[in-house]
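>>> with the sequence up front, the predicted model follows.
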Amino acid sequence: MDPSIIVQLIVNGLLIGGIYSLVSMGLTLIWGVMNVVNFAQGELLMIGMYIAWLLNYFFGFSPYLSVIVCFIGLFLIGLIIEKFLVSRVIELSMAARIYVTFGLSLFLSNLMLMLMGAQVRAIPSETSTLIVGSIFIDVPHLISFVFSIFTAFGMYLFLMKSRTGKALRAVSQNRVVASSMGINVHNMYLIAFGIGAALTGIAGSLIMGYYSVTPTVGTAFMLSAFAAIVLGSMGNFEGAFFAGLIIGVAETVGGYFIGPDLKQAASFVILVVILMIRPTGLFGKELGKERVKQEG
Amino acid sequence: MALVRVQDLTKNFGGICAVDHCSFEIKEKMIYGLIGPNGSGKTTVFNLITGLYKEDGGDIFFKGERINRLKTHQRVRMGLGRTFQLVRIFQGLKVINNLLVPPPRKGEKETETRKRALNLLKFVNLMRLKDEYARNLSFGQQRLLELAIVLMQNPDLVLMDEPTSGVNPAIIQEIINHIKQLRDGGKTFIIVEHNIPAIMEICDRIIVLDHGTKIAEGTGNEIAADKKVIEAYLGGGAPIK
Amino acid sequence: MGEMDEAGSGSRVKLLRSQRIYLPLLCLIGLLVAPVLAAGNPFLMHVLIMSLFYAFLGTAWNIVGGYVGLVSLGHAAYFGLGAYISTLAFLNFGVTPWLGILLAAVGATFFGFAIGVPSIRFWGGGAFFCVVSIAFAETLRLVFLGLKIGGGSAGTLLPIVPSFVNFEFESKLPYYFIILGFLVVELLVLQRISVSKMGHYLVAIREDEVKAEAVGIDTRKYKLLAIGLSAFFTAIGGVFYAQYVLYFDPYTVFGLNLSIFIVLVATVGGRGTILGPVLGSFIITPISLYSNVILGGSTFQGLSQVVYGVLLILIVLTVPAGLMALVTKALGSVTPSEKDFHKGEN
């Protein structure tokens, strides 16, 4: 088989992987800080996508311009969701947290279905392709990828250098100790969820450069993102970034061989395989168990 | 023969080495204290011995057998019991059922199990609360309940993680008395504690950990005079008087 | 939850005992008589059958979701496997669905174990299991669709050859009594388990998994057993559906919508109680079916899911023990309060 096909697939996979990375980083941040798997993460992506589409449809905004609106908008939405919903379940069992975020995802996707209808919406764009050697790079994909890399890096700096970022990381490590250091843990939850949603909002806007949206696109992305955060070690921000890229490649390459419809199955297989051989992920901290005993 | 032998036990979390080639021996029918500054790896060692964490290196021997490959519930069946730093009981069950839920001994009849449970409740002075839901107990009472649950398994070794923390002095004394009584009856204890006076009073021998490895071992007086121990604590947690 | 405790203690609360036996008995008699009332009304008959049917599925889910406390949002996987295994055996090899039920149930149980093993761990505290459950059902749907198994998207059609051997009947009445029989047997099995050693272990695992392991319970083994049993019954439900409706496709039998509905029925009714899902089903199923007729297909689709999403959130936040808790409270017995229901977990 022609090796340049593999390279092409890998390139394609990386480009879409950038989007997965953003969604996954948001998901893993929420998990790390709050110990919540946000099942509505896919729906937040979908909302970001619709916002970008609407801004384009009514005002002609390019999806790259809408990034700012989506970032702010989804951040606010994230804050609202945390304040009025998630904060109520954070002290309850894992099962309760799952039911509530899953219920939210149901609510959001079907609300959008009722509001926007099931039609596929896309932003009309001219396809342009960059040709490097024998590799075809779709320019919208590339632009989105570059944006997502910048965003990821910016987020990384924020987490590492800023005071809020450090506080978030402290809570992620050990909630009890963090609060005894004077960090307002509940505010951290708010911020974490807001940022998690904002990252996804950015991804949603960027992906509208070449993708189309329906109310139910969220589920597929959620599954891929979850596979990524497990692969990248749950709670590990850098891990989620790299794992998002890996998942993108795996799905694209896998999709080529088993057919595009079964692309999702690739993520599932990866997820099961990781869980079987290395459930702590590639960057392995045993976060789950540590969480079981959050002690000083 | 040592009841427990830990050799070169190592455990890493990401970049942090929580337990670093830790080795020690536990002899039968004694009460050992396991102390050390915060972060010295005490609870991690417990988790490794009970099987809640998988070690990255080293061996754990219990009753002469290497138990590294055994799952937690298998180690429990061998006679290893453990209480938790943040007390763990079955909150939604009644006190008596907390003791009846765990697997009984092989071939034991239900009536016998019930009798043992009631005796244990008498032992820890919780008999009058036997039909109360566990979540309604005071913190000190929950600690006593946890002790009773552990004893239902009739363990030969009991690992206790800060059994006196958060508990009023009267109950602390009760717990100490129970432990001594059980030791006289043939059980072995390893107790992680920050409550130094309690440790001094109750322990036959003390093992000191720092940065995941053993730095000293001996009687209470020997430890209090040990320079290494004093340095470790002054660098980190509360000093020993 | 009350059952778990009373069984453990030697004394039975007298007030409860009569209710425990007479009330369900009364319901059973009512159900035996109900078809007479529905005689002239085939839609009502259908609603009754579906209510029993979802009660059956909800009860099966309850073993895993209520007693062990795992969140399975992919039970449709076992349902679909049941439907396909039995039907394909019937269509291709002439195997009577009565035997097909056994094949289907065993097959689904096997998959339950296979999927259970990697996903039940301490890490992630249940989120792993949940996502794997969703992904598993979705993957099955895609595989059966993509590989065009049994007709793929066109769906699988069963020939209309009514006879007992073929598990097909012209009138709805036999279906009614069959599903009623299945449900009763299932409930009895669940009842036996809830007072047995296994039942107690499952509850302990739900209350505090780490503690359960620390007192010597082989948590992995019992979680897998619960998953297997749950899959077993769910697959039987799938076979019943195939034989009743005589047509299905991957979307219907593997779809997330089905998994959600099952969860809703059990959660609204009462996770962790034996009769909770039955109650839940008899409330939600009729409302759902009649709404579908009144509102019409497409409106119903979106709106119903919105409602389900909100319901799920509301129940978990306000009455996590389900409506059954309200019922038992109204009947005067003592139950742990709602907030405490969740506090004990994790």
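Structure received.
>>> mean confidence score for the longest helix along chain B?
Counting residues, the longest helix in chain B under DSSP state H turns out to be helix B:169-184. Averaged over helix B:169-184, pLDDT sits at 89.
>>> which positions in it come out as buried?
Neighbour-count burial for helix B:169-184, counted by 16 or more other CB atoms under 10 Å in any protein chain shown, picks out B:171-172, B:174-176, B:178-179, B:182-183. All C-beta spots, glycine's among them, are computed from the backbone N, C-alpha and C.
>>> and it, what other elements does it pack with?
Contacts defined by 3 or more CB pairs under 8 Å, 6 or more residues apart in numbering or on different chains; DSSP states H and E place helix B:169-184 against strand B:31-35, helix B:139-152, strand B:188-192, helix B:196-202.
>>> on that earlier part again, out of the buried residues of helix B:169-184, which comes closest to chain C?
Nearest to chain C among the buried residues of helix B:169-184 is B:Leu182, at 17.4 Å by CB to the nearest CB.
>>> the residue of the stretch 151-300 of chain C found nearest chain A in helix, strand or coil?
Closest to chain A within the stretch 151-300 of chain C is C:Val210: 5.6 Å, counting by CB to the nearest CB. What DSSP: H, G, I helix; E, B strand; the rest coil gives for C:Val210 is helix.
>>> one more: A:Ile137?
Secondary structure, three-state DSSP: A:Ile137 is strand.
>>> got the contact list for it?
Neighbour list for A:Ile137: A:11, A:15, A:129-131 [criterion: CB atoms under 8 Å, 6 or more residues apart in numbering or on different chains].
>>> list buried residues within those residues.
Buried by 16+ other CB under 10 Å: A:11, A:15, out of those.
>>> closest to chain B among the contacts of A:Ile137?
Nearest to chain B, judged by CB to the nearest CB, of the contacts of A:Ile137 is A:Leu15 at 30.0 Å.
>>> give me the element that closest one is part of.
Assigning secondary structure by DSSP states H and E places A:Leu15 in helix A:3-34.
>>> other SSEs contacting that helix?
By 3+ CB pairs under 8 Å, 6+ apart, helix A:3-34 packs against helix A:41-59, strand A:135-138, helix A:139-161, helix A:163-173, helix A:185-207, helix A:217-231, helix A:237-258.
>>> can you give me the mean pLDDT across it?
Helix A:3-34 shows an average pLDDT of 91 in the prediction.
>>> give me the number of residues near C:Asn41?
The tally of other residues near C:Asn41 (other CB atoms under 10 Å in any protein chain shown) stands at 11.
>>> for it, grab phi and psi.
phi -120, psi 90 (degrees, to the nearest 10).
>>> what do you get for A:Ser128?
Dihedral angles (degrees, to the nearest 10) for A:Ser128: phi -140, psi 140.
>>> and it, how close does it get to A:His141?
11 Å (CB to CB, to the nearest Å).
>>> higher neighbour count, the two?
Higher neighbour count among A:Ser128 and A:His141: A:His141, with 23 against 10, using other CB under 10 Å.
>>> doesn't A:Leu15 make contact with the more buried one?
Yes. Shown here, A:His141 and A:Leu15 form a contact pair, counting by CB atoms under 8 Å, at 4.1 Å.
>>> where does the chain dip in pLDDT?
In the absence of a named chain, chain A is used. Chain A contains residues with pLDDT under 70 at A:1, A:284-296.
>>> that's the other chain; I wanted chain C
C:1-20, C:122-125, C:332-346.
>>> for it, what spans make up the strands?
For chain C, the strands defined by DSSP state E cover C:156-157, C:247-248.
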